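Visitor: any chance you could fold what I've pasted below:
(2 chains)
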Amino acid sequence: LAKTTQPISMDSYEGQEVNITCSHNNIATNDYITWYQQFPSQGPRFIIQGYKTKVTNEVASLFIPADRKSSTLSLPRVSLSDTAVYYCLVGSTSGTYKYIFGTGTRLKVLA
Amino acid sequence: GAVVSQHPSRVICKSGTSVKIECRSLDFQATTMFWYRQFPKQSLMLMATSNEGSKATYEQGVEKDKFLINHASLTLSTLTVTSAHPEDSSFYICSARVPAGGHTYEQYFGPGTRLTVT
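Guide: Alright, predicted model coming up:
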């Protein structure tokens, strides 16, 4: 199971683009990268998932370099409501994989 | 996306009693569900993997006789905290894995259950 490392916390201002990088040096060939957002006293919410290069959806982009040892979640023009904890997870597409959560990144968006 | 519900959302029980928490997949079938526990200001800790029709697989350090998991149908998994003590007070979260196409999976989480043992 790939271990992930993220910055513990980040501050940003409203309207800015936020990039959160995750390190997963021992990612396996079958592993995908998934990001989740969690607000206090709520379950994590799926944001985006990818395998390589770039993935974009209506809320975020995910950049994955060729060696796949890291990934960057990009949140465009954050608002106060984006204040949350963001988790990077690595999970295999095969077998009975299970997500092991790291510390996550506590993002605080300031007015 | 797929919806996972939990019931109850909040429960208070007395020390020594047992509490059952339900996790349901509302619009899909889930052969595999997961149970996590989260203490304040901490990350989620995986407790066990719940497989429909078979015994749950517990993570190291999690007492299987204390945290009973039953996954009797493709849409329901239950976690029973037996003989609860104040140290079992925590936020319990379940999740279900859904095929997302192309041999990938997405995992959806329930809203969590806040357990307080007095």
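Visitor: buried residues, the helix or strand hosting A:I20. List them.
Guide: Element membership of A:I20 [criterion: DSSP states H and E] is strand A:18-23. For strand A:18-23, burial by neighbour count (16 or more other Cβ atoms under 10 Å in any protein chain shown) applies to A:18, A:20, A:22-23. Quick note: C-beta positions are derived from backbone N, CA and C, even for glycine.
Visitor: so which of these comes closest to A:Y87?
Guide: When these are compared for distance to A:Y87 (Cβ to Cβ), A:C22 wins out at 8.8 Å.
Visitor: quick one: residues contacting residue 7.
Guide: Just so you know, I chose chain A. Contact partners of A:P7, counting by Cβ atoms under 8 Å, 6 or more residues apart in numbering or on different chains, are A:20-21, A:105.
Visitor: correction: the question concerned chain B.
Guide: Going by Cβ under 8 Å, 6+ apart, B:H7 touches B:21-22, B:24, B:113.
Visitor: who touches residue 43 in this structure?
Guide: Since no chain was named, I'll use chain A. B:4, B:6, B:93, B:95, B:109-112.
Visitor: chain B, not that one
Guide: Residues near B:S43 by Cβ under 8 Å, 6+ apart: A:87, A:101-104.
Visitor: which SS class is whichever residue of chain A sits closest to chain B?
Guide: Nearest residue of chain A to chain B, counting by Cβ to the nearest Cβ: A:G43, 3.6 Å away. The local conformation at A:G43, judged by DSSP: H, G, I helix; E, B strand; the rest coil, is coil.
Visitor: count the neighbours of the residue lying closest to A:N57 once chain neighbours are set aside for me.
Guide: Leaving out its chain neighbours, the residue that sits closest to A:N57 by Cβ to Cβ, 6 or more residues apart in numbering or on different chains is A:I48, at 5.6 Å. A:I48 is flanked by 20 other residues according to other Cβ atoms under 10 Å in any protein chain shown.
Visitor: quick check: bridge partners of A:Y86?
Guide: Note on A:Y86: beta-bridge partners by DSSP bridges are A:Q37, A:T105.
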